[in-house]
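>>> Provide a 3D model corresponding to the input given below.
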Amino acid sequence: MQIVLGILIAIVASVAAGLLTVAAVLGIRRSRQKHGSSGGLSVAMMEVQSLLEPAKRHVVVAARDEAESTSEDASGDPPE
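Residues are numbered from 1 along each chain as shown. This is a model prediction of the structure:
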């Protein structure tokens, strides 16, 4: 009876160690994924500033044009 109990405890410990390993690997993968950048927040704040200060509108337009050209470059499509 003690042998069976010992084997059962060993199996449970092995399964628990395996689950902890899988959880650790998934946590590392999730932490390495790209998070949102502050660039999007900066553009949004410039939009608000352009509403309050129309003289700064050219900065917002330039940032928007740059963001559009960057997204087009990243798509891999040839330029038109």
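>>> Show me which helix runs longest in the chain.
helix 2-32 (DSSP state H).
>>> Report the buried residues of the very next helix or strand once past that helix.
Next in sequence after helix 2-32, counting helices and strands by DSSP states H and E, comes helix 38-52. Residues of helix 38-52 classed as buried: Met46, Ser50 (neighbour count, 16 or more other C-beta atoms under 10 Å). C-beta here means a position set from N, CA and C on the backbone, and glycine is covered the same way.
>>> list the helices and strands helix 38-52 packs on?
Helices and strands touching helix 38-52, by 3 or more C-beta pairs under 8 Å, 6 or more residues apart in numbering; DSSP states H and E, are helix 57-75.
>>> Show the average pLDDT along the helix it packs on.
Averaging pLDDT along helix 57-75 gives 69.
>>> how near is Ala24 to Ala16?
From Ala24 across to Ala16, the span is 13 Å (C-beta to C-beta, to the nearest Å).
>>> What is the neighbour count of Arg29?
Using other C-beta atoms under 10 Å, Arg29 has 9 other residues around it.
>>> now do Val60
Counted by other C-beta under 10 Å, the residues lying close to Val60 total 17.
>>> check contacts around it.
Applying C-beta atoms under 8 Å, 6 or more residues apart in numbering to Val60 gives the contacts Val43, Met46, Glu47, Gln49, Ser50.
>>> How much space separates it from Ser69?
For Val60 relative to Ser69 (C-beta to C-beta), the value is 15 Å.
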